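# Predicted model follows, preceded by the sequence.
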Amino acid sequence: MELPIHVLQMYGYFMLFAWVLIEQFGIPLPATPVLLAAGALSAEGQLSFSTAWAVGITASLLADTIWFHVGRRYGHNVLRILCKMALEPTTCVRRTQDSFGRRRAATLMIAKFVPGLATLAPPVAGENGMDFGAFLFFDGIGSALWVGALLAAGRFFGDLLKHNAQMLDWVGRFSGLLLFLGIVGFFVARLWRRRVILKELAAARLEPEELKRQLDQGDLVFIVDLRHPLELLPDPFTLPGALHFSPESLAARHIEIPRDRDVVLFCTCPSEATAAKTAMALHKLGIERVRPLRGGYDEWKRLGFPLEAVNNPGFARLAEAAS
């Protein structure tokens, strides 16, 4: 912890504010070591615990407020960008939408503690029309809990160091190196996992032009729309003949999926991540002719290919449950 403590000793609350703000904007620069260091310095009397808490909450709320309004204005497009920044796009949008659709308040209060949710929850809240006052209230509670927990942990650790000179010497020698190795290992693991997923995806994708040709020729194709109900509300259209399923319900009803034709899956995730993951799950269940659609719904729409209104009987119920 020596490195973040040294930085905080030099720049104080300004550095704490800037570091938390940067992380909450979605840049993968973890603020946890800095908040822990601030808590440790409060044990020494070099920083005020209450002031550091207020500064951290303010930085978090500022970033979240901006993301809330960006999500309200630009919708799902900003979520795609955020997932690409997150290094592990595989279901990040759907996981956030699922959590937010079931329990908005609880999701905002715990989002800071769940990797991937912290940056995505505010724009999802904005995209889906949550009242700004309610958002600010619950997000403020979540920010206060997150900042307070890390500061308290650092304060506790700082008290231990005050009473144990040997531990203080050990921390001074090795904590900077351990912090550096931990951050490097985090990024390497994320990049490796993303590389494996994208490689498997590239081998299985179906081009939109090929699907269009199959439909024009009257070929039998089983098309599945994997988008979350929240995504359908502002754009209630889908591919011709597509049926809407969640990845979980599709896997649970895999016996009903025809084996004598291509099963085409599409979503609006970065790099068709949800479709790819679902395709791999169906392969394990013995369904061989399953392929994600390259570019998903957005690419199909961009190419000007035909769309039809969502007429799945369960859509109204799903939309009502998500709103």
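Perfect, thanks for sending it.
# list the contacts for the closest residue to Leu220 other than its chain neighbours?
Closest residue in space to Leu220, ignoring its immediate chain neighbours: Arg261 at 4.3 Å, by Cβ to Cβ, 6 or more residues apart in numbering. Every residue, glycine included, has its C-beta placed from N, CA and C. Contact partners of Arg261, counting by Cβ atoms under 8 Å, 6 or more residues apart in numbering, are Asp219, Leu220, Val221, Phe222, Arg289.
# Assumed Leu265 was part of a helix.
No: looking at Leu265 with DSSP: H, G, I helix; E, B strand; the rest coil, it is strand, so not inside a helix.
# Pretty sure Val290 is one of the things it touches, is it not?
Yes: the pair Leu265 / Val290 is scored as a contact, 6.7 Å apart, by Cβ atoms under 8 Å.
# Tell me who's in contact with Leu145.
Leu145 makes contact with Met109, Lys112, Phe113, according to Cβ under 8 Å, 6+ apart.
# Among the residues you listed, show me the least confident.
On pLDDT alone, Phe113 ranks lowest of the contacts of Leu145, at 84.
# how deep is it tucked in, by neighbour count?
Counted by other Cβ atoms under 10 Å, the residues lying close to Phe113 total 12.
# Show me how the record splits this structure into domains.
Residue ranges for the domains of the chain, per automatic domain parsing: 2-202, 205-322.
# ranking these by mean pLDDT, which is last?
Across the domains of the chain, domain 2-202 has the smallest mean pLDDT, namely a mean of 74.
# Now do the helices in the stretch 101-250 of the chain.
Taking DSSP state H, counting those that start in this stretch, the helices of the stretch 101-250 of the chain run over residues 104-110, 117-127, 132-162, 165-204, 208-216, 229-232, 247-252.
# wait, is Gly47 part of a helix?
For residue 47 the amino acid is Leu, not Gly. No: using three-state DSSP, the assignment for Leu47 is coil, not a helix.
# Give the closest residue to it in space, chain neighbours not counted.
Leu41 is the one closest to Leu47 (Cβ to Cβ, 6+ apart), at 4.3 Å.
# Next up, identify which helix or strand the one you found is on.
Element membership for Leu41, per DSSP states H and E: helix 32-43.
# Point out the other helices and strands that the helix or strand following that helix packs with.
Later in the chain than helix 32-43, the nearest helix or strand by DSSP H and E is helix 49-74. Applying 3 or more Cβ pairs under 8 Å, 6 or more residues apart in numbering; DSSP states H and E, one finds that helix 49-74 contacts helix 2-24, helix 32-43, helix 76-85, helix 117-127, helix 132-162.
# Helix 49-74: which residues count as buried?
Along helix 49-74, these residues count as buried under the neighbour rule (16 or more other Cβ atoms under 10 Å): 49, 52-53, 55-57, 59-61, 63-68, 70-72.
# the inter-axis angle of that helix versus helix 132-162?
Angle between the axes of helix 49-74 and helix 132-162 is 140 degrees (criterion: axes from the mean of the first three to the mean of the last three Cα atoms, to 10 degrees).
# OK, contacts around the nearest residue to Ala105 once chain neighbours are set aside?
Of all residues not flanking Ala105 in the chain, Phe138 sits nearest, at 4.7 Å (Cβ to Cβ, 6+ apart). By Cβ under 8 Å, 6+ apart, Phe138 lies in contact with Arg104, Ala105, Leu108, Met109.
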